[in-house]
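Chemist: Have a look; sequence and predicted model below, questions after that.
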Amino acid sequence: MWNNRSYCHAFVVELEGVLCAVLADPIGNSLDIWKLKHGEWGRAYIVHLEAWPDYSLGRNVVVPLAVDPNDGRMLLNTGKKLGLYDPVGRTIQNLCSLDQPITCSKGQQSAGEPNRMDGEIWPLVPMLYEENLGCYPRVAKTRWL
């Protein structure tokens with residue numbers, strides 16, 4: 001929790017090579033993303049999820065993974081779904097859903113590409129674990145004279 005009086009959850013991510021703090025508001029169903037640049041925090045993005053029940057903050061933890069430098073679309077991960085959020089249209093294009101079997105139409109697969117239905121190719125979902133952010137104290141070495 002951000003603090004004991006707030007209903008927002010907070011976590012840290014790296015976007016565009018910069019440390020970002022994310023405030024997830026389950027009541028407003030939005031993500032406020034703040035960037036640390038030049039030693040100061042400033043709001044960088046607001047992700048509106050109210051129209052997307054599969055990305056609801058009341059039922060999921062939605063983690064922004066990357067921002068497309070060309071058009072500003074943001075890759076979102078719920079752990080079971082990957083989607084591209086378009087901040088202009090406030091839409092999400094689902095890229096992958098682990099709730100449903102993976103399908104592939106013949107038009108999407110090229111002749112030299114392995115069959116995606118055989119189970120050998122599965123989507124990769126990058127995750128950030130708390131252990132990656134931990135700071136462990138150094139063990140003091142005794143000096144020998």
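Modeler: Yep, that arrived.
Chemist: looking at this structure, which helix or strand is least sure?
Modeler: Ranked by mean pLDDT, DSSP states H and E, the weakest helix or strand in the chain is helix 130-133, scoring a mean of 54.
Chemist: so what's Leu23 up against?
Modeler: When contacts are counted by Cβ atoms under 8 Å, 6 or more residues apart in numbering, Leu23 touches Trp2, Cys8, His9, Ala10, Leu31, Asp32, Ile33, Trp34. Placement of C-beta: from N, CA and C, glycine included.
Chemist: What distance do you get for it to Ile92?
Modeler: Using Cβ to Cβ, to the nearest Å, one gets 19 Å for the distance from Leu23 to Ile92.
Chemist: again, but for Ala24
Modeler: Between Ala24 and Ile92 the distance, using Cβ to Cβ, works out to 16 Å.
Chemist: Quick one: low-confidence residue ranges for the protein.
Modeler: Low-confidence regions of the chain, defined by pLDDT under 70, span residues 1-6, 99-145.
Chemist: Only the buried residues of stretch 27-40, if you could.
Modeler: Asn29, Ser30, Leu31, Asp32, Ile33, Trp34, Lys35 (16 or more other Cβ atoms under 10 Å).
Chemist: now swap in stretch 11-24 and tell me
Modeler: Residues Val13, Leu15, Cys20, Ala21, Val22, Leu23, Ala24 are the ones in stretch 11-24 that count as buried (16+ other Cβ under 10 Å).
Chemist: Show me where the chain has its strands.
Modeler: Per DSSP state E, the chain carries strands over the ranges 9-15, 18-25, 30-37, 40-48, 63-67, 74-77, 81-86, 91-97.
Chemist: Can I get those in TSV including distance to Leu57?
Modeler: As requested, those are arranged in TSV below (distance: least, Cβ to Cβ, whole Å):
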stretch	distance to Leu57
strand 9-15	8
strand 18-25	5
strand 30-37	8
strand 40-48	10
strand 63-67	11
strand 74-77	11
strand 81-86	13
strand 91-97	13
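Chemist: Might you report the residue contacts of Asp32?
Modeler: Going by Cβ under 8 Å, 6+ apart, the list of residues near Asp32 reads Val22, Leu23, Asp25, Arg43, Tyr45, Ile46.
Chemist: what do you get if the cut-off is 10 Å, keeping everything else the same?
Modeler: Going by Cβ atoms under 10 Å, 6 or more residues apart in numbering, Asp32 touches Cys8, Ala10, Ala21, Val22, Leu23, Ala24, Asp25, Arg43, Ala44, Tyr45, Ile46, Val47.
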